[in-house]
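**Student:** just the structure for this:
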Amino acid sequence: MSKWAKLNSNRLEAAPDYSGNFLESIVSKMGTVFAGPEEVIIKQGDESNSMYFITRGDCTVDMIDEKRITHVAIRLLVEGMHFGEIGCYFKCKRTATITSRNYNSLAMLSYAQFRDILADSPEFDEYIARFIYQYHGSRKMFVWKILNQIDYLKELSKDIFHQIYYLITSHYL
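**Tutor:** Numbering: from 1, shown residues only. Below is the predicted model of the structure:
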């Protein structure tokens, strides 16, 4: 199994089966973005203002950890995948850098459009939350353990934990 196959073998569960009206509503709100080879689409630490869906091409995910070590190509994003949802969901800074590997076509939702869709569709909100909650990086697990050592914070809901985590994380960037 290749490096990329291993990275993509743990794809998260698919989005719920939405009706045509819901999909039409999302698609009508999207813009189109084109990216050339090695073009940075989003940069870790920048303000979040959009979410992207890869319609053609693929991208790599790079991340700088809390020790300022750069991890290159930790994941490959391919057609049908999305990125930028964490920043839009929690209104925090970008948590990773996404770079185009070739010529890409992307569908883009602005932050305002993303929030409108979440407000109109509790199912989509739940899907995005579940998707985000499935990330289990070492830093995230470290923060979870630390917060669970504080009596007052032991019973945090997943929602509140993730809000705290992404607010804390954005200050390290």
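**Student:** contacts for stretch 151-161?
**Tutor:** Under the criterion C-beta atoms under 8 Å, 6 or more residues apart in numbering, residues 129, 133, 144, 147, 148, 164 lie in contact with stretch 151-161. Where C-beta positions appear, they are placed from N, C-alpha and C, glycine not excepted.
**Student:** buried sites along the host helix or strand of the last one?
**Tutor:** Counting by DSSP states H and E, the element that carries residue 164 is helix 158-172. With burial defined by 16 or more other C-beta atoms under 10 Å, the residues of helix 158-172 counted as buried are 161, 162, 163, 164, 165, 166, 169, 170.
**Student:** again with stretch 74-81
**Tutor:** 75, 76, 77, 81.
**Student:** could you give the mean pLDDT of it?
**Tutor:** Per-residue pLDDT over stretch 74-81 has a mean of 95.
**Student:** put the alpha carbons of that stretch into CSV.
**Tutor:** Presented in CSV, the C-alpha positions along stretch 74-81 are these (Å, rounded to 0.1, in the frame of the first residue of the first chain):
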residue,chain,number,x,y,z
ILE,A,74,0.6,14.5,6.2
ARG,A,75,-2.5,13.8,4.2
LEU,A,76,-3.6,13.8,0.6
LEU,A,77,-7.0,15.4,-0.2
VAL,A,78,-8.6,14.1,-3.4
GLU,A,79,-11.7,14.8,-5.6
GLY,A,80,-14.9,14.8,-3.5
MET,A,81,-13.1,15.8,-0.2
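**Student:** got the buried residues of stretch 74-81 as a markdown table, with distance to residue 63 and secondary structure columns?
**Tutor:** Below are those laid out as a markdown table (distance: C-beta to C-beta, whole Å; DSSP: H, G, I helix; E, B strand; the rest coil):
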| residue | distance to residue 63 | secondary structure |
| --- | --- | --- |
| 75 | 9 | strand |
| 76 | 13 | strand |
| 77 | 13 | strand |
| 81 | 16 | coil |
